[in-house]
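A.B. asks: Give me the fold of what follows.
(4 chains)
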There are 2 protein chains.
Amino acid sequence: MGDTCVTATTSDEGAAVPVTIRDVARASGVHISTVSRTFSAPHLVNPETRVRVLACAEDLGYRPNRAARALITGRTHNIGLIIADIANPFFPPLIKAAESQARHRDYHVFVADTNEDPTAEEELVHALAKQVDGVLLCSPRMSNSLIEQLSREVPLVVVNRQVTGLPCVLMDVGQGARSAIEHLVGLGHRSIALLGGPRSSWTNREMRRAAGAAARAGGAELTMLGPNAPTEVGGSAVAEQVRRSGVSAVLAYNDLMAIGLIEGLDALGVRVPQEVSVVGVDDITLSRLTRPKLTTVATPTGAAGRTAVDMLLQQDIESPRGARGSGAGTALGVRRTTAQVMLQTDLVIRDSTGPGPYARPARPLAAPRGPGPHCPADPGIPTAATGDAVAS
Amino acid sequence: MGDTCVTATTSDEGAAVPVTIRDVARASGVHISTVSRTFSAPHLVNPETRVRVLACAEDLGYRPNRAARALITGRTHNIGLIIADIANPFFPPLIKAAESQARHRDYHVFVADTNEDPTAEEELVHALAKQVDGVLLCSPRMSNSLIEQLSREVPLVVVNRQVTGLPCVLMDVGQGARSAIEHLVGLGHRSIALLGGPRSSWTNREMRRAAGAAARAGGAELTMLGPNAPTEVGGSAVAEQVRRSGVSAVLAYNDLMAIGLIEGLDALGVRVPQEVSVVGVDDITLSRLTRPKLTTVATPTGAAGRTAVDMLLQQDIESPRGARGSGAGTALGVRRTTAQVMLQTDLVIRDSTGPGPYARPARPLAAPRGPGPHCPADPGIPTAATGDAVAS
DNA sequence: CGTGGTGCTGCAAAGGTTTGCAATGAAGTA
DNA sequence: TACTTCATTGCAAACCTTTGCAGCACCACG
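C.D. replies: The predicted model follows:
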């Protein structure tokens, strides 16, 4: 209704003529198996024949049917990518990196969004299992045991979570949280809040652990607030609570929450960083655009995507699915190699953190020693740990 | 290198035992065709048999192989979604809506990112053609003729572009641009710049056309700047140019550019909206978080995603692919129904626009009549034109 | 008792491709 | 000449599922 305008027309149009391997064989006067080999094992066919077949194929617009190929090879050349929330700007760089890496290996990526719902996650893995060669689970919310169980159905690589026996790509948020707390303590903050994320998040647990330890070591008091939804709304919702708690600094689960919190504090008339300092995690593009610009722990999302794809593909190659010839399920334990890769994080100091109540007046705005300040133009993501960092 | 840590272990683990329809048939003592029917045509099998088969299937963990099914039915129950840039916050809501709509219809969505590259776009359509039942082309950058040609290979629905003979989902950016210009003229601006986007974008052409007409009608001068990359960088890059041009207001191709521009102007010491007013297009979440909050033309992205999926599925149902039985390609023109849906846009007035040089001093901050101001909490997206708005 | 209908199930072909094996012919070796 | 090797190609089975057709048993009706 409303002003929505709908125009409809009908037209005669030629339907797609599916051209198969048989058509190419007929056109080039060879057997279909020769055509097949022209594409999947070119070195086995006579160069002359090959060019003839290729010409015919080109001519007819032939493209191998991946479904049929998958049926017999057991490899679809697709990989699934399960994302907790595609609208969270943390993920797009990871997705892009994974897609590009996959494309280089002649793989396609199936992206699915779970809306942070563990049930949807499980359902999605099942649905994808038969049409992909493996699945990348990004920031999964389901239980470890369920993940392990699902991994028997389809090869899995887990991102942002540690599951024993499964290949994992982790970001060192522990180190990141430590740097952040040290930075805040160095600025003279002694009363700090940790704005927690989803309860079932590995990252969340890791941050609590590391931040707690770092606060103790620095003689600061750490208040745990949460769990919260990892969104701006989740952040702005606790602004009042933060103000009441009387802390002078906050480390948020991610940038989105940090930004939401700053908004919320602003609405309450609390100024950042003059009255409260805020640190985020992820270094999403947005964090460079808000006022004040966000101090945050940069996570190497692109590298994580690439590494995860590499680990998945490597794992796949070792254990080809759908073994042929042998009779009934001869599933004698396949020796599988799993690895865990930990990627470095980096504190990026911008404008949302400032001196706290216990700041030494001598050097007012001095950044603490340790993790040096970064140029905001350079995200400071290490290039280490791309594919070749995967040990066997 | 760096601090990257790699841990590797090997473990014996049971490989996935692929359980097929045959296993279920054997276990439940019926023929495979009965098992097949239990899943795809339950009403054709004896209730008793059905429960027995279902029990066995459940027991064995059987799940139909979609690839094999696709081979014979010609329908994969997947749809492809080709996106110009997944990192552009305009798209995630569209993707989410499309996925959710597809899921309701028992379809899965294959998302792919082209990085705004027309060549990648074409390649992707080809690659997807055989493994999906249809493709949603979102903001395509390739030529109309190429799109038409590809549509003979796989059913297509085009979003944010008008291609005759093909089903299209459009957002009325023309109306949006008009409202924006009228808003600016009403505020007393007479010299306005249009920050153009990619040259090959339909939205871009449409905006130029409508904005030009509206400016003429309002007695304002419109300067065209562009083409530019539809990103923050693209926006900040023209800040200097905008300042030199001496305009008092700018309508940007999208919010990302508008935000980038505001950043750029800020760096040059030009204040928004005091010295220059800026309007964006899309109403991405981000536009509510920047300072100043962005005045923008809200586009109904979610509705577009849902509508596009519906149109694709409807089209698919009419012309099932891979007709069986009939001999060689009997591709006698299939009667296909195409529709074009135009979705309404809406001007959302926030803080990045203010009075211009010719503002009437009487009512200093009065918003112009016409499109009323919106409550920022409510994006003001009309709920019209979801699936059922598709005429046949 | 014969006929027709109905409800359920089995049979077998089909879909497009890959691949182990066998066949062919040519070239090389003894 | 006879035997081996090699490169190239064809043959046919296999992958897993769907579906038109036919068979069967059973019931009702005339």
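A.B. asks: What residues of stretch A:127-147 count as buried?
C.D. replies: Going by neighbour count (16 or more other CB atoms under 10 Å in any protein chain shown), the buried part of stretch A:127-147 is A:127-142, A:144, A:147. (C-beta placed from N, C-alpha, C; glycine too.)
A.B. asks: Oops, could you answer that again for stretch A:284-295 instead?
C.D. replies: Buried-residue list, stretch A:284-295, by 16+ other CB under 10 Å: A:284-292, A:294-295.
A.B. asks: Switch those residues over to TSV; also include pLDDT, distance to B:T223 and secondary structure.
C.D. replies: Putting the buried residues of stretch A:284-295 into TSV (pLDDT from 0 to 100; distance: CB to CB, whole Å; DSSP: H, G, I helix; E, B strand; the rest coil) gives the following:
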residue	pLDDT	distance to B:T223	secondary structure
A:I284	93	33	coil
A:T285	87	28	helix
A:L286	84	29	helix
A:S287	90	33	helix
A:R288	87	29	helix
A:L289	79	25	coil
A:T290	82	30	coil
A:R291	82	28	coil
A:P292	91	33	coil
A:L294	97	34	coil
A:T295	98	39	strand
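A.B. asks: circling back to that earlier point, which ones among the buried residues of stretch A:127-147 map onto strands?
C.D. replies: Members of the buried residues of stretch A:127-147 lying in strands (criterion: DSSP state E): A:134-138.
A.B. asks: Quick check: A:A97 vs DNA strand C, distance?
C.D. replies: 28 Å (CB to the nearest atom of the strand, to the nearest Å).
A.B. asks: so what's that residue up against?
C.D. replies: When contacts are counted by CB atoms under 8 Å, 6 or more residues apart in numbering or on different chains, A:A97 touches A:301-306.
A.B. asks: now the buried residues of stretch A:284-295 as TSV including distance to DNA strand C?
C.D. replies: Formatted as TSV, the buried residues of stretch A:284-295 follow (distance: CB to the nearest atom of the strand, whole Å):
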residue	distance to DNA strand C
A:I284	41
A:T285	41
A:L286	44
A:S287	46
A:R288	47
A:L289	48
A:T290	51
A:R291	56
A:P292	56
A:L294	50
A:T295	52
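A.B. asks: Chain B next: which of these are close?
C.D. replies: Among the buried residues of stretch A:284-295, proximity to chain B is found for A:285-286, A:289-291 (CB under 8 Å from any CB of the partner chain).
A.B. asks: Pick the one among the residues you listed closest to B:G356.
C.D. replies: Distance to B:G356, by CB to CB, is smallest for A:R291 among these, at 23.9 Å.
A.B. asks: And the strands in chain A?
C.D. replies: A:5-13, A:78-83, A:108-113, A:134-138, A:156-159, A:168-171, A:191-195, A:221-225, A:249-252, A:277-282, A:295-298, A:334-343, A:346-348.
A.B. asks: Need the winner for burial among the ones you listed.
C.D. replies: strand A:249-252 (a mean of 31; mean count of other CB atoms under 10 Å in any protein chain shown).
A.B. asks: Counting by contacts, list what that one packs against.
C.D. replies: helix A:173-186, strand A:191-195, helix A:255-267, strand A:277-282 (3 or more CB pairs under 8 Å, 6 or more residues apart in numbering or on different chains; DSSP states H and E).
A.B. asks: what sits up against the longest one?
C.D. replies: When contacts are taken as CB under 8 Å, 6+ apart, the neighbours of helix A:173-186 outside the stretch itself are A:192, A:203, A:206-207, A:209-211, A:213-215, A:218-220, A:222, A:249, A:251, A:277, A:279, A:281, A:295, A:297, A:299, A:344-347, A:349, A:353, A:356, A:366-371, B:3.
A.B. asks: And for the third one?
C.D. replies: Residues from elsewhere that reach helix A:255-267 (CB under 8 Å, 6+ apart): A:88-90, A:195, A:197, A:228, A:230-240, A:242-243, A:250, A:252, A:271-272, A:275-276, A:278-284, A:286-287, A:290, A:292, A:294, A:296, A:352, B:289.
A.B. asks: swap in the second one?
C.D. replies: Counting by CB under 8 Å, 6+ apart, strand A:191-195 makes contact with A:181, A:184-185, A:207-208, A:211-212, A:215, A:220-226, A:228, A:235, A:238, A:242, A:245-253, A:257-258, A:261, A:357, all of which sit outside it.
A.B. asks: Just the buried subset of those residues, written out for PyMOL, thanks.
C.D. replies: Buried residues within those, by 16+ other CB under 10 Å, are selected in PyMOL with:
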select buried, chain A and resi 181+184+185+207+208+211+215+220+222+223+225+226+228+235+238+242+247+248+249+250+251+252+253+257+258+261
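A.B. asks: about what we covered before: which of the buried residues of stretch A:284-295 lies closest to chain B?
C.D. replies: Using CB to the nearest CB, A:R291 comes nearest to chain B of the buried residues of stretch A:284-295, at 4.4 Å.
A.B. asks: Look up the closest residue to the closest one, ignoring the ones flanking it.
C.D. replies: Residue nearest to A:R291 in three dimensions, not counting chain neighbours: B:R291, with 4.4 Å by CB to CB, 6 or more residues apart in numbering or on different chains.
A.B. asks: Tell me if I'm right that the one you found and A:T290 touch.
C.D. replies: Yes: judged on CB atoms under 8 Å, B:R291 makes contact with A:T290 at a distance of 7.4 Å.
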